[in-house]
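>>> My questions concern the predicted model and sequence given below.
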Amino acid sequence: MARSQIAAAADAQSAIERLLALPAFGTPASERRPLMLAAMQEAYDHHFSSCEAYAAYCRRRGFDEATRFERLEDFPYLPTDAFKRHADRLVSVAQDKVSATLQSSATSGQPSTVLIDTLTARRQVQVLAPVIAATLGSHRRPFIICDVDPAGGRPGMLGARSAAVRGFLNLARETIYVLEEGRDGRLQVAPDKLEAALKELRGRGEPFAIMGFTYVLFESVMEPLLGQAPTLDCDAHLIHIGGWKRLEDRKVSRSIFNAAARQVFGCPADKVIDFYGFTEQMGLVYPAVGNADRVAPAYAEVIVRDPETHQPLPPGQPGLLQFLTPVPHSYPGISVITDDLGMLTEPPEGGPYLDGQWFQVLGRAKNAEVRGCGDVMADKMAVRGSLAQTASNAAAPARLLFHRAPYLDVSDPVLAVDVSALPVVEDMGALAEELRRGREVLDTYSFDELAMLVGAAARRWAAPDSSLGVLRAQGLSFLERWCQPHRLARLGDEALRGARGHLDGFRTAGAAGRQIRAYPRGLVSHWLSGNVPLLGMLALTQSILTRNANLVKSASSFSSALPALLEAFRGLEVASPTGRVLRGDDILRSIAVVYFPHENRAAGTAMSAAADVRVAWGGREAVEAIGTLPRRYDAEDVMFGPKLSYMAIGHELLGSDRAVRGLARRAAIDASVFDQYACASPHTIFVEGGDEAARGFATALAEEMARTARIIPKAPIDPATAARIMRVRMQAEFEGELWASPGMAWTVLYDDNGPPVLAEPCYSRVITVRPVDDVMATADLASADIQTIGLGLSGARRQAYADRAARRGAFRFPDIGRATEFDSVWDGLYMMDRFVKWVSLGGPLT
Amino acid sequence: MNRLRLVAPVGRLLLPPEVVAGPGALGVVSTLGATRLAIVTSRRVAADPALGAKISRATRRLVSQVVTLEPGEPRLEALRRPLAEVEAFRPDWILAIGGGAVMDGAKLLWALHEHPSLTLEDLARPHALPALRGKARFAAAPTTAGSGSEASSAATFQAAAGARKSFLVSHEILPDVAILDPTLLGDASAGILAASALDAVAHAIEGYVSRSATPLTRIVAETAARALLTRLEAAMDPTAVEARTDLMVGACLAGAVQNMATPGVGHAIAHQLAAGGVPHALATGGLLAGAIRANAAADAGVAARFDMLGKILGLADATGLADELSRLAKTFGIADDLSGRLVAANLDGGEFMAGVMSDPCARANPVALDERLVRRVIADAA
């Protein structure tokens, strides 16, 4: 459309209508952007005046009804999460105008919901059709839909899959659905139906298209047919939509997908078109043809923002993807920032979509859902200190990281490690046997002599010139204190029937001369998680003290942390008061640290089969997977699965400003150490006494979080974490109140919406304060998934709370400020007790 | 072991959870529940046929091992061998049999067996000892009636020969069982027996007027002093087991008093004299009468307190009490022995006086110490 035509149309139409009247591609940016700016201003004005929640959100960010925007990047943006939690408030039309509810497929967790009116629906079609036409050609053609026929679906509540497909069908002359729902509810291809359809359409000699959701196409059609049938050779376009989240989890890339498309359908890559879009801006799609980048149509603007600062980024720099479009009329989704990482790119030379905005979608910037501390950490820490294991599959062998000496560089415990250079563990069983033999020397050591060695090693960790200093914020200081010999002795006494001497000899137990003694079980296999890099040392130390051999599977993150800790034992010699020289190398003879990807089930099986005790830390999936490995029938299992923690503060401890400040100071420590990634780290603080008390506490907490951040500096964070923090901050701006550091160091959210429930953990020093009328009721939020509840209660209420929550499954009720200090009992058990077998002499007990 | 934490200045008394007293009391050892019993004693006791037979009889059904200590004040360097023996044996009970030095040495062995990482500084830091009993428990059977170590939360020791005396102070080292068996006193000479008993009297009487005394400790001190003073002479007869039992009970209770009410100037001086080789019991017993006279002369209130104790003990007043102690010291040759040693000792150096003034017992003396008072106490005994 020529400039003069646009100008002429401007008189009669709104800016939005004029924008939507543009061709999908080809309008020069210099003409399109002013129109987009005007359309967005129009859309902003509409939503600001029509949606109270949106207006409130904008006001908090400094905008009002009079704001006039001069640049597209200045428009406020909502996090896509807003449509998961507050869809009912994000409405810009009267309820009776809402004609349909669209819901995302929610790969996992809560779906996004948007309410659409007829105008929005019309605009959706208006912007979709030109894009598809520009991609496939304008004439209508038959579509083979690789999905079930939606006829019979619930009216009014359109699944996003169905709705998205329907949008495309405006270009279909004929539709043939080729999937059916199996008895188990799974989609499955009807091969005869598919073959018949292909045969029929091929016979007509006209172009047609095969279409489906990306993961449905791959999992329900292409995968089952791969290698099972000859190529269904056809000269058709293969269109897929819906995104890659699910296939990303399975490591299925676009090139793998395209190769499968060629094999199954005979479609060359340049006829495979991947449309990117999302529920919050339904109708807008961004095609990628073959292996090329994506291009945005004229109706949308793509901005890439720095995950931490949210500043717009130039082409070539990855960040969070933000999309602007004036299409939504019934809900204020005109500018949203997604969880997807992307990057603006330069247009290809001579392509058909010049003057469109080109970009790449690089993948998720976050876990789809928080599944537990271990799971979350595995993602979060992957950037630093991770193993550069590229062949993460079942064929990747187990590698030896440490045995008697490190095989990797331990001078930087957070350094990424290339495991391919490390020795391969050819025979895990043989290694286990060697460790068992190495263990025998420990029988010549008393419990306290071993504790002396551990204590001496711990002093090396804490030395000013120690390379482990970078782990101080990860709990090194606590670990060093915890390893003091007299503390270990007390731990042993408590765990071993009141006396660690049970490990050194028989002791009388009861009458009739009955004696009991504790012996090492033999070999303890440890599976470490990456959330708290030093956590594994807590279990390992207790296993050493009980004179067990140890086979440790490192986590993929912080994989050199444990070897670096163990390195302190090498060459260590300590003189006992008897004159005996205690040698750290004697301990190292019975310890090996290995790494293998979790897909290597053979290595996991061998490690499990060798174990007398299996210790696993991590997320639910990881721990459950270890639980399914074959094991000796009498092996002891110590499984520390994912747990969450919170705090409960009663009115009785909030009697003065000083008391509030003291509590806030201690709470800030709990929410800051380990950067909140420990299972015992609180994410929600319930404060009794109503809004005023809770808000006062939150204010004090914010000051103390800032102070604590200076004392315990936060470890560097990756873009995904920054994006997550930014998202929850925006969410809080939208619905509550927040205090936050200028950077990403800490965030205090105040949430008085709805019933008092646990806040979804964000980790990385993000803590939510919630007011409650009766803090005792929050004991009922406890479950087997809750580990620690820090208590700010006194007297009988303190006991009653602990009793009430313990009956529901919680394990620990430390005072506030002590939540993350590793304690015995932990997750309901005395670890050292599980590492020994008890033997009786004489008896029985009468 | 969990102990109460006092939050007000109230009286307190700590005794071993079990105290058995009387001839044959050592037999309880077989009922301790020990699976491996380390018997820590002196070479003298180990070599004494009569005592050896008693010990063998009491422990014959137990797996046990005798561990002997070097003679004299416990020295850390000299504990290495016995500690290695204890470590190798891995006992669950330690039985200390001997005098005060053996008791103190055995307590140090116990602490180091439980916590081999303890340093000299750790040991000397008051009430900083980590919890004991994770590996072994402790029974004390004294072979003297004096030190009260079987009821004490303290042990004295030296890092090495000639080093300053250090104190291990912790309620953790209060024994689990005190065994007061008069037959273990054996045929100790009257002089040694009396000197030990007068040391115990000093614990009771100096504790009675101590700045840290309470009504509770004073009543126990009265009982202890009465038992000791009234039975001392009768107990010199080796066959007088009843009197000897009373003497041991008195010494044990006096030890309990000392545990709570720190003694005064007599002990402060005695600790300095020990560096010159003056036996502790000889010094405290020999200096006690002078300490009473000097303190009573310096403060009327203190004199009144001594008067009351004298009356309770049937000795009219403070003067009567001091005179009786002088008499006993003279009777058993303590006064002459000490007098000779004091003359020989160099007490003029500033180091001696500074040591007295900085001694923990100096601070507990009921009258603020000055050089004149110290000199008067010494002159009384010289």
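Received the coordinates, thanks.
>>> tell me which element A:Gly203 is part of?
Using DSSP states H and E, A:Gly203 maps to helix A:191-204.
>>> Now that helix: buried residues?
Neighbour counts using 16 or more other CB atoms under 10 Å in any protein chain shown place A:194, A:197-198, A:201 of helix A:191-204 among the buried residues. Placement of C-beta: from N, CA and C, glycine included.
>>> Just send those back as JSON lines, with pLDDT and distance to chain B too.
JSON lines is the format used below for these (pLDDT from 0 to 100; distance: CB to the nearest CB, whole Å):
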{"residue": "A:Leu194", "pLDDT": "82", "distance to chain B": "73"}
{"residue": "A:Ala197", "pLDDT": "84", "distance to chain B": "78"}
{"residue": "A:Leu198", "pLDDT": "82", "distance to chain B": "78"}
{"residue": "A:Leu201", "pLDDT": "82", "distance to chain B": "82"}
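>>> residues making contact with the helix holding A:Gly203?
A:142, A:144, A:176, A:178, A:208, A:221, A:225, A:229, A:232, A:234-236 (CB atoms under 8 Å, 6 or more residues apart in numbering or on different chains).
>>> from the chain's centre, how far out does that helix sit?
On the basis of CA atoms, centre = their mean, to the nearest Å, helix A:191-204 is displaced by 43 Å from the centre of the chain it belongs to.
>>> after it comes which helix or strand?
In N-to-C order, the element after helix A:191-204 by DSSP H and E is strand A:209-213.
>>> Go through that next one and flag the buried ones.
Under 16+ other CB under 10 Å, the buried positions of strand A:209-213 are A:209-213.
>>> Spatially, which residue comes closest to residue 117, not counting chain neighbours?
No chain in the question, so chain A it is. The shortest distance from A:Asp117 to any non-neighbouring residue, by CB to CB, 6 or more residues apart in numbering or on different chains, is to A:Ser330 (3.9 Å).
>>> Hmm, no, I was thinking of chain B.
If you skip the residues right next to it in sequence, B:Ser117 has A:Pro485 as its closest partner in space, 4.1 Å away by CB to CB, 6+ apart.
>>> Report the contact partners of B:Gly286.
For B:Gly286, counting by CB under 8 Å, 6+ apart, the contacting residues are B:198, B:329, B:334-335, B:337-339, B:381.
>>> From the residues you listed, pick the one nearest chain A.
The nearest member of the contacts of B:Gly286 to chain A, counting by CB to the nearest CB, is B:Leu198 at 35.0 Å.
>>> Name the SS class of that closest one, please.
The local conformation at B:Leu198, judged by DSSP: H, G, I helix; E, B strand; the rest coil, is helix.
>>> burial count for it?
When neighbours are defined as other CB atoms under 10 Å in any protein chain shown, B:Leu198 has 28 of them.
>>> OK, contacts around residue 98?
Because you didn't say which chain, this covers chain A. With contact set as CB under 8 Å, 6+ apart, A:Val98 has these partners: A:91, A:115-117, A:330.
>>> could you do chain B instead?
Contact analysis of B:Gly98 by CB under 8 Å, 6+ apart lists B:40-42, B:45, B:69, B:106, B:142-143.
>>> contacting residues around the residue nearest to A:Asp117?
For A:Ser330, the contact set (CB under 8 Å, 6+ apart) comprises A:91-93, A:97-98, A:114-117, A:119-120.
>>> Secondary structure and pLDDT added to these, as TSV?
Converted to TSV, those look like this (DSSP: H, G, I helix; E, B strand; the rest coil; pLDDT from 0 to 100):
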residue	secondary structure	pLDDT
A:Val91	coil	93
A:Ser92	coil	95
A:Val93	coil	95
A:Lys97	helix	91
A:Val98	strand	90
A:Val114	strand	89
A:Leu115	strand	91
A:Ile116	strand	91
A:Asp117	strand	94
A:Leu119	helix	95
A:Thr120	helix	95
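>>> Now tabulate those residues in JSON lines and tack on distance to B:Pro175.
Compiled in JSON lines, the contacts of A:Ser330 are given as follows (distance: CB to CB, whole Å):
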{"residue": "A:Val91", "distance to B:Pro175": "79"}
{"residue": "A:Ser92", "distance to B:Pro175": "82"}
{"residue": "A:Val93", "distance to B:Pro175": "86"}
{"residue": "A:Lys97", "distance to B:Pro175": "88"}
{"residue": "A:Val98", "distance to B:Pro175": "83"}
{"residue": "A:Val114", "distance to B:Pro175": "78"}
{"residue": "A:Leu115", "distance to B:Pro175": "80"}
{"residue": "A:Ile116", "distance to B:Pro175": "84"}
{"residue": "A:Asp117", "distance to B:Pro175": "87"}
{"residue": "A:Leu119", "distance to B:Pro175": "91"}
{"residue": "A:Thr120", "distance to B:Pro175": "86"}
